[in-house]
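Chemist: sharing a sequence plus its predicted fold:
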Amino acid sequence: MIDILHILLFALVIALALLAFFLFTKFSDLSRQVDEIAFSKASQSVKYGKLTEQFIPFTKDFPFDSGKFRFIGTPIDGIAFEDDEIVFCEFKTSSSELSQKQKNIKRLVEEKKVKWFEYKVR
């Protein structure tokens, strides 16, 4: 009788170990799939933002002359060269925010820490 109980207990422990292993591998796979979906969504958001920013200067709501706008791309999207001012432009979509580098550039412009530099090659 004791031998049968030991065998049943051993079988139960093995079954629980196999179940735990199965659940762990399924959870790992599910976790990996969730990570892949999150990465894909973030990647799509970046692509959407990059595509959208290319068209913003040509929309009717853009407050500057699109013919006088020049794309830079990074660290800011571009500069509008108006007749009476030069405007640093950064376009954001959805809930995106300025990067730390962009915040620093904005601060420098607002503090009027912008200079002209001319270099002549001879």
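Modeler: Good, I have the coordinates. Residues are numbered from 1 along each chain as shown.
Chemist: low-confidence stretches in the protein?
Modeler: Along the chain, the model assigns pLDDT under 70 to residues 1-2.
Chemist: for the protein, which segments count as helices?
Modeler: Applying DSSP state H to the chain gives helices spanning 2-55, 100-110.
Chemist: need the ones you listed in CSV with mean neighbour count and distance to Phe64, can you?
Modeler: Just so you know, the C-beta spots here come from the backbone N, C-alpha and C atoms, and that holds for glycine as well. Listed next are those as CSV, based on neighbours: other C-beta atoms under 10 Å; distance: least, C-beta to C-beta, whole Å:
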stretch, mean neighbour count, distance to Phe64
helix 2-55, 10, 14
helix 100-110, 12, 15
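Chemist: tell me which of the ones you listed lies nearest to Phe62.
Modeler: Proximity to Phe62 (C-beta to C-beta) singles out helix 2-55 among the helices of the chain, at 9.4 Å.
Chemist: quick one: distance of the closest one to the chain centre.
Modeler: 24 Å (C-alpha atoms, centre = their mean, to the nearest Å).
Chemist: same for it, what does it pack against?
Modeler: Helix 2-55 sits against no helix or strand, with contacts defined as 3 or more C-beta pairs under 8 Å, 6 or more residues apart in numbering; DSSP states H and E.
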